[in-house]
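**Q** below: sequence and its predicted model.
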Amino acid sequence: MIAIETLLQIFAFYFASLIGSFLNVVIYRMPKGLSVVKPRSSCPKCGHMIKWYENIPMLSYIFLKGKCSSCKTKIPISYPLVELFTGLVGLYLAPRNLSITELTYFAVYFSIACVFIAHIIIDIKHQLLPDKLNIYLLIIVLPYVIMHKPLNYWLVGGMIGFLGPLGVTLLFYKLRGVVGLGGGDIKLFGILGVLLGPIGVLNNIFTSCMVGSVVGVGLILSKKLGKDTPFAFGPYIIIVAAVQIYFPDIFDHFNLVSLK
Ligand SMILES: [Zn+2]
(Lines give C-alpha, C1' and ligand atoms only; values in the text may rest on other atoms or scores of the structure.)
Protein backbone atom coordinates (compact mmCIF):
# COMPACT_ATOMS: atom_id res chain seq x y z
CA MET A 1 0.00 0.00 0.00
CA ILE A 2 1.30 3.43 -0.91
CA ALA A 3 0.54 6.00 1.75
CA ILE A 4 -1.90 8.76 0.79
CA GLU A 5 0.86 11.27 1.48
CA THR A 6 3.12 9.70 -1.15
CA LEU A 7 0.29 9.60 -3.69
CA LEU A 8 -0.42 13.26 -3.07
CA GLN A 9 3.27 14.08 -3.55
CA ILE A 10 3.44 12.21 -6.86
CA PHE A 11 0.26 13.90 -8.03
CA ALA A 12 1.43 17.35 -6.87
CA PHE A 13 4.74 16.92 -8.72
CA TYR A 14 3.06 15.83 -11.95
CA PHE A 15 0.31 18.47 -11.76
CA ALA A 16 2.88 21.19 -11.01
CA SER A 17 5.11 20.17 -13.94
CA LEU A 18 2.05 20.45 -16.24
CA ILE A 19 1.51 23.96 -14.89
CA GLY A 20 5.23 24.56 -15.51
CA SER A 21 4.61 23.66 -19.14
CA PHE A 22 1.85 26.31 -19.21
CA LEU A 23 4.21 28.82 -17.57
CA ASN A 24 6.56 28.36 -20.54
CA VAL A 25 3.69 29.54 -22.76
CA VAL A 26 3.01 32.52 -20.47
CA ILE A 27 6.72 33.45 -20.41
CA TYR A 28 6.94 33.29 -24.20
CA ARG A 29 3.64 34.96 -25.10
CA MET A 30 2.79 37.50 -22.40
CA PRO A 31 5.61 39.99 -23.13
CA LYS A 32 4.58 39.89 -26.81
CA GLY A 33 1.01 40.80 -25.84
CA LEU A 34 -0.35 37.47 -27.16
CA SER A 35 -3.13 35.41 -25.61
CA VAL A 36 -1.83 32.70 -23.29
CA VAL A 37 -4.75 30.34 -24.00
CA LYS A 38 -5.22 30.55 -27.75
CA PRO A 39 -4.04 29.31 -30.22
CA ARG A 40 -2.52 25.92 -29.36
CA SER A 41 1.26 25.79 -29.10
CA SER A 42 3.27 25.47 -32.27
CA CYS A 43 6.95 25.61 -33.23
CA PRO A 44 7.83 29.34 -33.59
CA LYS A 45 10.12 28.47 -36.54
CA CYS A 46 8.11 26.14 -38.80
CA GLY A 47 4.59 26.41 -37.30
CA HIS A 48 4.41 22.66 -36.59
CA MET A 49 1.50 22.06 -34.17
CA ILE A 50 2.78 20.50 -30.94
CA LYS A 51 1.01 17.15 -30.50
CA TRP A 52 -0.13 16.07 -27.05
CA TYR A 53 2.66 13.48 -26.78
CA GLU A 54 5.20 16.17 -27.67
CA ASN A 55 3.93 18.21 -24.76
CA ILE A 56 4.55 15.88 -21.81
CA PRO A 57 6.55 17.77 -19.20
CA MET A 58 10.29 16.96 -19.34
CA LEU A 59 9.81 13.57 -21.04
CA SER A 60 8.97 15.05 -24.44
CA TYR A 61 12.13 17.14 -24.37
CA ILE A 62 14.13 13.96 -23.77
CA PHE A 63 12.56 11.80 -26.50
CA LEU A 64 12.52 14.70 -28.98
CA LYS A 65 16.24 15.12 -28.12
CA GLY A 66 15.59 18.82 -27.55
CA LYS A 67 14.49 19.46 -31.15
CA CYS A 68 11.27 20.24 -33.02
CA SER A 69 10.08 16.95 -34.56
CA SER A 70 9.41 18.68 -37.88
CA CYS A 71 12.18 21.26 -38.56
CA LYS A 72 14.73 20.15 -35.92
CA THR A 73 14.98 23.66 -34.44
CA LYS A 74 16.43 23.45 -30.93
CA ILE A 75 13.95 23.69 -28.05
CA PRO A 76 15.47 25.93 -25.36
CA ILE A 77 16.70 23.96 -22.33
CA SER A 78 14.79 26.48 -20.19
CA TYR A 79 11.54 24.69 -21.16
CA PRO A 80 12.17 21.36 -19.40
CA LEU A 81 14.00 23.19 -16.60
CA VAL A 82 10.96 25.39 -15.86
CA GLU A 83 8.78 22.23 -15.90
CA LEU A 84 11.13 20.40 -13.56
CA PHE A 85 11.52 23.35 -11.20
CA THR A 86 7.77 24.01 -11.05
CA GLY A 87 7.25 20.27 -10.44
CA LEU A 88 9.70 20.36 -7.53
CA VAL A 89 7.93 23.41 -6.06
CA GLY A 90 4.67 21.41 -6.25
CA LEU A 91 6.36 18.49 -4.53
CA TYR A 92 7.75 20.76 -1.78
CA LEU A 93 4.31 22.29 -1.15
CA ALA A 94 2.33 19.05 -1.64
CA PRO A 95 -0.72 18.80 0.66
CA ARG A 96 -0.33 16.16 3.38
CA ASN A 97 -4.00 15.20 3.23
CA LEU A 98 -7.18 16.22 1.44
CA SER A 99 -8.42 18.62 4.12
CA ILE A 100 -9.66 22.04 3.00
CA THR A 101 -6.88 23.76 4.97
CA GLU A 102 -4.10 21.78 3.27
CA LEU A 103 -5.64 22.13 -0.20
CA THR A 104 -6.19 25.88 0.21
CA TYR A 105 -2.63 26.30 1.43
CA PHE A 106 -1.34 24.42 -1.60
CA ALA A 107 -3.54 26.36 -4.06
CA VAL A 108 -2.52 29.75 -2.67
CA TYR A 109 1.19 29.16 -2.14
CA PHE A 110 1.69 27.20 -5.34
CA SER A 111 -0.09 29.93 -7.35
CA ILE A 112 2.15 32.57 -5.78
CA ALA A 113 5.20 30.49 -6.75
CA CYS A 114 3.94 30.26 -10.35
CA VAL A 115 3.69 34.06 -10.63
CA PHE A 116 7.19 34.33 -9.14
CA ILE A 117 8.65 31.89 -11.70
CA ALA A 118 7.04 33.65 -14.69
CA HIS A 119 7.96 37.10 -13.30
CA ILE A 120 11.64 36.23 -12.79
CA ILE A 121 12.20 34.81 -16.27
CA ILE A 122 10.21 37.53 -18.07
CA ASP A 123 12.06 40.23 -16.12
CA ILE A 124 15.48 38.75 -16.92
CA LYS A 125 14.57 38.46 -20.62
CA HIS A 126 12.63 41.72 -21.11
CA GLN A 127 13.27 43.93 -17.99
CA LEU A 128 9.53 43.85 -17.43
CA LEU A 129 7.15 42.69 -14.70
CA PRO A 130 3.82 42.46 -16.58
CA ASP A 131 0.83 44.19 -14.93
CA LYS A 132 -1.29 41.13 -15.73
CA LEU A 133 0.90 38.93 -13.53
CA ASN A 134 0.91 41.52 -10.73
CA ILE A 135 -2.89 41.74 -10.85
CA TYR A 136 -3.14 37.95 -10.82
CA LEU A 137 -0.84 37.87 -7.79
CA LEU A 138 -3.01 40.43 -5.98
CA ILE A 139 -6.14 38.37 -6.75
CA ILE A 140 -4.52 35.28 -5.17
CA VAL A 141 -3.10 37.10 -2.18
CA LEU A 142 -5.85 39.54 -1.16
CA PRO A 143 -8.71 37.15 -0.17
CA TYR A 144 -6.23 34.94 1.68
CA VAL A 145 -4.75 37.72 3.82
CA ILE A 146 -8.14 39.38 4.44
CA MET A 147 -9.31 36.07 5.93
CA HIS A 148 -6.15 35.34 7.91
CA LYS A 149 -4.61 38.66 8.94
CA PRO A 150 -5.86 41.85 10.65
CA LEU A 151 -6.49 44.99 8.60
CA ASN A 152 -3.44 46.83 9.97
CA TYR A 153 -1.22 43.98 8.75
CA TRP A 154 -2.12 43.84 5.08
CA LEU A 155 -3.33 47.41 4.52
CA VAL A 156 -0.36 49.08 6.21
CA GLY A 157 1.97 46.50 4.63
CA GLY A 158 0.59 47.24 1.19
CA MET A 159 0.85 51.01 1.68
CA ILE A 160 4.45 50.84 2.92
CA GLY A 161 5.37 48.45 0.10
CA PHE A 162 3.86 50.69 -2.55
CA LEU A 163 4.38 54.24 -1.25
CA GLY A 164 7.88 53.72 0.20
CA PRO A 165 9.61 52.65 -3.03
CA LEU A 166 7.41 55.05 -5.05
CA GLY A 167 8.50 57.99 -2.86
CA VAL A 168 12.19 57.08 -3.06
CA THR A 169 11.97 56.62 -6.83
CA LEU A 170 10.21 60.00 -7.33
CA LEU A 171 12.75 61.70 -5.06
CA PHE A 172 15.66 60.21 -6.99
CA TYR A 173 14.08 61.27 -10.24
CA LYS A 174 13.67 64.85 -8.99
CA LEU A 175 17.19 65.08 -7.56
CA ARG A 176 19.20 63.13 -10.13
CA GLY A 177 16.90 62.76 -13.11
CA VAL A 178 17.32 58.99 -13.11
CA VAL A 179 14.59 56.40 -12.89
CA GLY A 180 15.53 53.93 -10.16
CA LEU A 181 12.81 51.34 -9.86
CA GLY A 182 10.38 50.51 -12.64
CA GLY A 183 6.60 50.71 -12.19
CA GLY A 184 6.36 46.92 -12.13
CA ASP A 185 8.86 46.70 -9.25
CA ILE A 186 6.92 49.28 -7.22
CA LYS A 187 3.58 47.50 -7.78
CA LEU A 188 5.17 44.17 -6.86
CA PHE A 189 6.51 45.67 -3.61
CA GLY A 190 2.98 46.90 -2.84
CA ILE A 191 1.41 43.47 -3.37
CA LEU A 192 4.17 41.78 -1.37
CA GLY A 193 3.45 44.29 1.40
CA VAL A 194 -0.12 43.00 1.51
CA LEU A 195 1.19 39.44 1.86
CA LEU A 196 4.22 40.01 4.10
CA GLY A 197 2.89 42.80 6.31
CA PRO A 198 4.74 46.01 7.32
CA ILE A 199 7.81 44.38 8.90
CA GLY A 200 8.05 41.68 6.26
CA VAL A 201 7.95 44.12 3.36
CA LEU A 202 10.50 46.45 4.98
CA ASN A 203 12.76 43.41 5.38
CA ASN A 204 12.19 42.61 1.73
CA ILE A 205 12.88 46.15 0.45
CA PHE A 206 16.03 46.42 2.56
CA THR A 207 17.40 42.96 1.73
CA SER A 208 16.55 42.95 -2.00
CA CYS A 209 18.07 46.44 -2.47
CA MET A 210 21.23 45.32 -0.67
CA VAL A 211 21.60 42.11 -2.67
CA GLY A 212 20.58 43.79 -5.96
CA SER A 213 23.05 46.67 -5.48
CA VAL A 214 25.92 44.35 -4.57
CA VAL A 215 25.29 42.15 -7.61
CA GLY A 216 24.68 45.17 -9.89
CA VAL A 217 27.88 46.97 -8.82
CA GLY A 218 29.76 43.68 -9.09
CA LEU A 219 28.52 43.18 -12.65
CA ILE A 220 29.43 46.77 -13.64
CA LEU A 221 32.92 46.46 -12.10
CA SER A 222 33.54 43.15 -13.85
CA LYS A 223 32.34 44.82 -17.10
CA LYS A 224 29.58 42.23 -17.55
CA LEU A 225 27.02 45.03 -17.41
CA GLY A 226 27.33 48.52 -18.90
CA LYS A 227 26.48 51.48 -16.63
CA ASP A 228 23.40 52.28 -18.70
CA THR A 229 22.26 48.77 -19.55
CA PRO A 230 18.83 48.01 -18.10
CA PHE A 231 19.12 45.89 -14.98
CA ALA A 232 16.29 43.56 -13.95
CA PHE A 233 15.61 44.18 -10.27
CA GLY A 234 12.52 41.95 -10.02
CA PRO A 235 14.45 38.70 -9.50
CA TYR A 236 16.04 40.07 -6.30
CA ILE A 237 12.69 41.16 -4.88
CA ILE A 238 11.21 37.77 -5.73
CA ILE A 239 14.06 35.58 -4.51
CA VAL A 240 14.07 37.41 -1.17
CA ALA A 241 10.25 37.15 -0.97
CA ALA A 242 10.42 33.44 -1.81
CA VAL A 243 12.87 32.83 1.03
CA GLN A 244 10.63 34.84 3.40
CA ILE A 245 7.53 32.91 2.37
CA TYR A 246 8.80 29.36 1.80
CA PHE A 247 11.85 29.19 4.09
CA PRO A 248 11.06 31.58 6.96
CA ASP A 249 13.66 29.91 9.21
CA ILE A 250 16.54 30.75 6.86
CA PHE A 251 15.44 34.37 6.71
CA ASP A 252 15.36 34.61 10.51
CA HIS A 253 19.08 33.91 10.67
CA PHE A 254 19.89 36.99 8.60
CA ASN A 255 17.38 39.40 10.01
CA LEU A 256 16.83 41.10 13.30
CA VAL A 257 13.08 41.22 12.97
CA SER A 258 11.33 37.94 12.41
CA LEU A 259 8.17 37.51 10.38
CA LYS A 260 6.69 35.09 12.88
ZN1 LIG B 1 9.68 23.37 -36.10
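**A** That came through, no problem.
**Q** quick check, central residue of the chain?
**A** residue 116 (0.8 Å; CA atoms, centre = their mean).
**Q** that one and residue 242 touch, don't they?
**A** Yes - using CB atoms under 8 Å, residue 116 is in contact with residue 242, at 5.9 Å. For glycine as for every other residue, the C-beta is placed from the backbone atoms N, C-alpha and C.
**Q** which one is the residue nearest to the centre of the chain nearest to, not counting chain neighbours?
**A** Take residue 116 and drop its neighbours on the chain: the residue closest to it by CB to CB, 6 or more residues apart in numbering is residue 238, 4.9 Å away.
**Q** same question for residue 132.
**A** residue 30 (6.5 Å).
**Q** count of neighbours near the one you found?
**A** 18 (other CB atoms under 10 Å).
**Q** repeat for the one 5 residues further on
**A** Residue 35: 9 surrounding residues under other CB under 10 Å.
**Q** cool, residue 190 as well?
**A** Residue 190 has 22 neighbouring residues, counting by other CB under 10 Å.
**Q** A helix includes the residue nearest to residue 116, no?
**A** Yes - using DSSP: H, G, I helix; E, B strand; the rest coil, the assignment for residue 238 is a helix.
**Q** so how far is residue 47 from it?
**A** 34 Å (CB to CB, to the nearest Å).
**Q** more crowded one of those two?
**A** Neighbour count, other CB under 10 Å: between residue 238 and residue 47, residue 238 has more, with 22 against 9.
**Q** wait, the more buried one sits on residue 120?
**A** Yes - in this structure, residue 238 is within contact of residue 120 by CB under 8 Å, at 5.4 Å.
**Q** so which bits of the longest helix seen in the chain are buried?
**A** The longest helix of the chain (DSSP state H) is helix 183-221. Under the neighbour-count criterion of 16 or more other CB atoms under 10 Å, helix 183-221 has 184-205, 207-209, 212 buried.
**Q** what's the burial count for the nearest residue to residue 146 once chain neighbours are set aside?
**A** Leaving aside its chain neighbours, residue 146 sits nearest to residue 154 (6.9 Å; criterion: CB to CB, 6+ apart). Residue 154 has 22 neighbouring residues, counting by other CB under 10 Å.
**Q** from the chain's centroid, how far away is stretch 145-162?
**A** Its chain's average C-alpha position is 21 Å from that of stretch 145-162, according to CA atoms, centre = their mean, to the nearest Å.
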